[in-house]
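**Student:** When you get a sec, could you give me coordinates for this:
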Amino acid sequence: MKYFQRFSIKGKNAIVTGGAGILGSHFCMGLADAGANIAVVDINVENATEIANEIKKKYGVTAKAIYCDLTSEQSVEEMVETVVSEFGTIDILHNNAAGKSSNLNAFFAPFEEYDLNQWKEIMSTNLDSMFLVAKYVGKVMKEQGTGGSIIQTSSIYGVMGPDNRIYEGSFYLDRQINTPAIYSASKGGVVALTKYLATYWAKDGIRVNTITPGGVESGQNETFKQNYGNRIPLGRMAQAEEMVGALIYLASDASSYVTGQNILIDGGLSVW
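**Tutor:** Residues are numbered from 1 along each chain as shown. Below is the predicted model:
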């Protein structure tokens with residue numbers, strides 16, 4: 001048995017939604033480094049194209065940027081059709097994309113004042129999109145008859161409540177922040193959807209798992225990083241590249257008997 005070879009995904013075809021994002025770009029690079037061809041799916045196709053070109057240059061695999069508005073069923077269906085046309089098969093889906101509102105005042109509003117339309121907007125972006133992408137990609141994987149691996153991205157606040165004390169004096173991109181209830185609710189839904197699909201598609205050899213990142217450094221001020229790090233057994237926030245190893249494991253045959261699971265990459269936060 002060549003144990004380490006089971007981590008290889010050489011020649012596999014992977015979709016990464018939100019592939020042009022802070023974490024998404026690392027996820028695309030990591031899967032490519034392990035040998036996969038990458039469909040970099042994002043609404044920002046210009047940034048996705050830059051990442052696809054970098055992947056081809058650095059890793060010598062096939063990579064293509066594909067536009068998709070994940071809140072539109074028609075756009076999702078067309079994206080999946082394009083991937084099949086360009087790559088032939090879909091072996092791996094990283095259902096990763098999520099978002100915040102363009103109206104940050106509404107997004108960060110107190111719970112007692114939260115607007116229902118804002119709630120629905122974020123739910124559509126963070127959870128409805130997961131349903132749509134899984135629906136169309138899962139159908140393709142099932143028809144291929146060769147199984148597949150679907151990995152969905154949740155958040156630490158999808159499995160535990162936020163400690164609001166860490167937000168005292170904390171800023172992100174020059175504004176006061178918090179974790180609104182809609183973010184927790186939508187990300188908790190991702191974990192539940194994963195468990196459902198894991199049992200639903202098990203007979204078809206399609207494995208479905210979740211990765212749950214803890215707080216990742218991405219522009220927070222020093223007060224936030226210190227407050228957050230004080231809550232973590234490892235004493236710090238995560239770096240984006242530290243999320244990638246779990247993804248490669250779940251995408252590969254190294255995890256062939258793993259489905260329905262949620263891997264928390266949180267520096268030990270959920271242990272306390």
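
**Student:** When you work out contacts or count neighbours from here on, use the C-alpha atoms and nothing else.
**Tutor:** Will do.

**Student:** ok, the longest strand along the chain: who's next to it in the sheet?
**Tutor:** What stands out as the longest strand in the chain, according to DSSP state E, is strand 206-213. The pairing partners recorded for strand 206-213 under DSSP bridges are strand 148-153 (parallel), strand 262-265 (parallel).

**Student:** Would you mind giving these as JSON lines with mean pLDDT, distance to A109 and mean neighbour count added?
**Tutor:** Output for the strands paired with strand 206-213, formatted as JSON lines (pLDDT from 0 to 100; distance: least, Cα to Cα, whole Å; neighbours: other Cα atoms under 10 Å):
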{"stretch": "strand 148-153", "mean pLDDT": "98", "distance to A109": "24", "mean neighbour count": "26"}
{"stretch": "strand 262-265", "mean pLDDT": "98", "distance to A109": "28", "mean neighbour count": "19"}
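
**Student:** Would you mind saying which of these lies nearest Y167?
**Tutor:** Closest approach to Y167 among the strands paired with strand 206-213 (Cα to Cα): strand 262-265, 20.9 Å.

**Student:** where does this structure have low pLDDT?
**Tutor:** Applying pLDDT under 70 to the chain picks out residues 171-175.

**Student:** Okay, buried residues for the longest helix anywhere in it please.
**Tutor:** In the chain, assigned by DSSP state H, the helix with the most residues is helix 181-200. Of the residues in helix 181-200, 181-191, 193-195, 197-198 count as buried by neighbour count, 16 or more other Cα atoms under 10 Å.

**Student:** For that helix, give me every contacting residue.
**Tutor:** The contact list for helix 181-200, computed with Cα atoms under 8 Å, 6 or more residues apart in numbering, reads 111, 119, 122-123, 126-127, 130-131, 152-155, 157-159, 161, 206-210, 259-262.

**Student:** Now stretch 79-88: buried residues?
**Tutor:** Under 16+ other Cα under 10 Å, the buried positions of stretch 79-88 are M79, V80, E81, V83, F87.

**Student:** Reformat those residues as TSV; add distance to D115 and secondary structure.
**Tutor:** Shown next, in TSV, are the buried residues of stretch 79-88 (distance: Cα to Cα, whole Å; DSSP: H, G, I helix; E, B strand; the rest coil):
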residue	distance to D115	secondary structure
M79	31	helix
V80	33	helix
E81	36	helix
V83	37	helix
F87	42	helix
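
**Student:** from the residues you listed, which is closest to S8?
**Tutor:** Using Cα to Cα, the buried residues of stretch 79-88 come closest to S8 at F87, 18.5 Å.

**Student:** Would you quantify the distance from the closest one to M79?
**Tutor:** Relative to M79, F87 is positioned 12 Å away (Cα to Cα, to the nearest Å).

**Student:** What of V271?
**Tutor:** 39 Å.

**Student:** Just checking the distance from the longest helix of the chain to the centre of its chain.
**Tutor:** Put simply, helix 181-200 sits 12 Å off its chain's centre (Cα atoms, centre = their mean, to the nearest Å).

**Student:** Can I get it in CSV? Just the C-alpha atoms.
**Tutor:** Taking C-alpha atoms only, helix 181-200 is exported to CSV below (Å, rounded to 0.1, in the frame of the first residue of the first chain):
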residue,chain,number,x,y,z
ALA,A,181,-27.3,36.0,13.8
ILE,A,182,-27.9,35.5,10.1
TYR,A,183,-24.3,34.5,9.6
SER,A,184,-24.5,31.9,12.4
ALA,A,185,-27.9,30.6,11.2
SER,A,186,-26.8,30.3,7.5
LYS,A,187,-23.5,28.6,8.4
GLY,A,188,-25.2,26.2,10.8
GLY,A,189,-27.5,25.3,7.9
VAL,A,190,-24.4,24.3,5.8
VAL,A,191,-23.5,21.7,8.4
ALA,A,192,-27.0,20.3,8.5
LEU,A,193,-27.2,20.2,4.7
THR,A,194,-23.9,18.3,4.6
LYS,A,195,-25.2,15.6,7.0
TYR,A,196,-28.4,15.2,4.9
LEU,A,197,-26.5,14.9,1.6
ALA,A,198,-24.0,12.5,3.1
THR,A,199,-26.7,9.9,3.8
TYR,A,200,-28.7,10.8,0.6
